[in-house]
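Engineer: After the sequence you'll find the predicted model.
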Amino acid sequence: MKILITGGTGMIGQRLAELLIDGGHEVALLTREPAKASHFRLFGWNPAAGTIDPAAVPYADAIINLAGSSVAEGKWTAERKHEIVRSRLDGLELLHRELSQPGHHVQTLLSASAIGVYGDRGDELLREDSPTAAPNDDFLAGVVLQWEAAARRVAELGLRVVLPRIGIVLSPEGGALVPIAKTVRYGAGAPLGSGRQYMSWIHLDDLARLLAQMLEDALWQGTYNAVAPHPVTNQQFTETLAQVMHRPLLLPKVPAFGLKLAMGEMSDIVLGSQRVSADKVLSQGFVYEYPELLPALASFYEA
């Protein structure tokens, strides 16, 4: 299969591209820097400008859309919020335009989504058909709802569309684990806020394998929670990480008001609670290599 990936230079995209190539697929990337040296075939695009290499979409049998500016970088000013939204919608709108034209053979769009769609829900177990948060009350939920709606428009063209709602991705290469591990390593680790908020996580290798299975098996369609089967509270996560890294937790909890002062509205990322079910993914026959947090973290920090 020939697979075209947007956002392929990010942490998830790189790991997934490697896995797909190992599985015998051909992989090409859509990038704003097509002249850059790469061992992948590169096609140029500029979603904000609405331009794309005309050979890109006709190359592909399937497209994986991972493009989107990180929600965890920089305070959520009005300008930053606009960038977060448009970095997700512009690319999908451009792909929809190209896919609505004849001359391509793309059958599948796998488009990333996020568990932020559920909002802050305490200890409620959240399934794919659970109500989403109100977009006017929750910025991230509003972003994800627009993101998914743009991807679903592609399904109206007759393509199979899969929407993995991705949780906290664990990797020492990037994402949320890196700053948390850094504080634990230097003896400054502590639960955040109450520590009772749930974190629904997934090991990067499991996520890449899950996305590959979603791509290769036509039975996967619609939304799925891309999380491990056993979410943990923030306190459990912090204590398990300290155990794996052989570091004590000396500090008390970091108070919520301090995080809100330092991070503003972005503190919702670390203070919100999302206890997300993986039952639908399990029912499709996916087998996790790291269903439990301790072995997942140990794969990074224990020799």
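Structural biologist: Arrived safely, thanks for sending. Numbering: from 1, shown residues only.
Engineer: ok, the helix or strand Ala28 falls within: who's next to it in the sheet?
Structural biologist: Taking DSSP states H and E as the definition, Ala28 sits inside strand 26-31. Applying DSSP bridges to the sheet, strand 26-31 is found paired with strand 2-6 (parallel), strand 41-46 (parallel).
Engineer: got a list of what Arg275 touches?
Structural biologist: Shown in contact with Arg275 (C-beta atoms under 8 Å, 6 or more residues apart in numbering): Arg121, Gly122, Asp123, Glu124, Leu125, Leu126, Tyr198, Ser200, Pro231. Every residue, glycine included, has its C-beta placed from N, CA and C.
Engineer: buried stuff in the strand holding Ala28?
Structural biologist: Val27, Ala28, Leu29, Leu30, Thr31 (16 or more other C-beta atoms under 10 Å).
Engineer: in the stretch 51-200 of the chain, which segments are predicted with low confidence?
Structural biologist: The stretch 51-200 of the chain contains no residues with pLDDT under 70.
Engineer: Show the residue spans covered by the helices in it.
Structural biologist: With DSSP state H, counting those that start in this stretch, the ranges of helices along the stretch 51-200 of the chain come out as 56-59, 78-99, 139-155, 177-185.
Engineer: Render the CA-only coordinates of stretch 17-31 in PDB, please.
Structural biologist: Below are the C-alpha coordinates for stretch 17-31, written out as PDB (Å, rounded to 0.1, in the frame of the first residue of the first chain):
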ATOM      1  CA  ALA A  17       6.200   5.600   9.200                       C
ATOM      2  CA  GLU A  18       9.000   3.300  10.400                       C
ATOM      3  CA  LEU A  19       6.500   0.600  11.400                       C
ATOM      4  CA  LEU A  20       4.600   0.900   8.100                       C
ATOM      5  CA  ILE A  21       7.800   0.500   6.100                       C
ATOM      6  CA  ASP A  22       8.800  -2.500   8.100                       C
ATOM      7  CA  GLY A  23       5.400  -3.900   7.300                       C
ATOM      8  CA  GLY A  24       6.100  -3.600   3.500                       C
ATOM      9  CA  HIS A  25       4.300  -0.400   2.700                       C
ATOM     10  CA  GLU A  26       5.600   2.600   0.800                       C
ATOM     11  CA  VAL A  27       5.400   5.900   2.700                       C
ATOM     12  CA  ALA A  28       5.600   9.500   1.500                       C
ATOM     13  CA  LEU A  29       5.200  12.700   3.600                       C
ATOM     14  CA  LEU A  30       3.300  15.900   2.900                       C
ATOM     15  CA  THR A  31       5.500  18.700   4.100                       C
END
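Engineer: what's in contact with that stretch?
Structural biologist: Taking C-beta under 8 Å, 6+ apart as the rule, stretch 17-31 contacts 1-6, 8-9, 13, 38, 40-45, 52, 56, 59-60, 67, 208-209, 212, 215-216.
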